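Enquirer: After the sequence you'll find the predicted model.
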Amino acid sequence: MKASLLVVLVIALCTESAFSLKCFSCKDAPSNIHCFNIATCADHEKYCLTTYSTKGLGDDREQSITKKCAAFCPSIDLNIGIAGIATSCCQSSLCNVSGASSVKTSYTMIAVGVLASLACILRLGL
């Protein structure tokens with residue numbers, strides 16, 4: 001009886017490690033096509049995290065994608081005009097195959113920022 005319990009315990013432990021979370025992994029890649037490395041997550045890491053960031057305007061716009069295992073899932077969706085960042089998380093192996101929602105440059109936010117700066121400069125000048 002003890003031997004069979006020991007066998008069941010060993011099988012359970014081996015099965016648990018066989019089902020460790022796996023995520024696609026890359027750091028500051030210029031596009032999603034460069035993010036196909038696979039990382040095995042630590043036991044405390046329960047999420048596959050994708051971070052998509054962009055900065056600049058038009059033809060000078062740069063983007064980068066970072067994918068990794070994570071212990072928690074930060075919910076970020078920030079757009080300040082000429083720069084932005086968005087995250088997405090999932091909890092099954094290799095679920096972060098696609099990028100996070102892309103961040104669009106907001107020309108409205110740029111215009112508001114320029115107008116606010118201009119108003120501040122004019123006010124200080126008086």
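Expert: In hand now; what should we look at? The model shown is predicted, which means the values in this text are computed figures rather than measured ones.
Enquirer: Look up how far residue 73 lies from the residue lying closest to residue 43 once chain neighbours are set aside.
Expert: Once flanking residues are discounted, residue 43 sits nearest to residue 20: 7.5 Å by CB to CB, 6 or more residues apart in numbering. For glycine as for every other residue, the C-beta is placed from the backbone atoms N, C-alpha and C. Distance, residue 20 to residue 73, by CB to CB, to the nearest Å: 18 Å.
Enquirer: now do residue 93
Expert: 16 Å.
Enquirer: so where's this structure shaky on pLDDT?
Expert: 1-18, 99-126 (pLDDT under 70).
Enquirer: need the helices for it, in chain order.
Expert: For the chain, the helices defined by DSSP state H occupy 2-18, 107-125.
Enquirer: So which residues of this protein form strands?
Expert: 22-29, 37-40, 47-55, 62-70, 77-79, 83-90 (DSSP state E).
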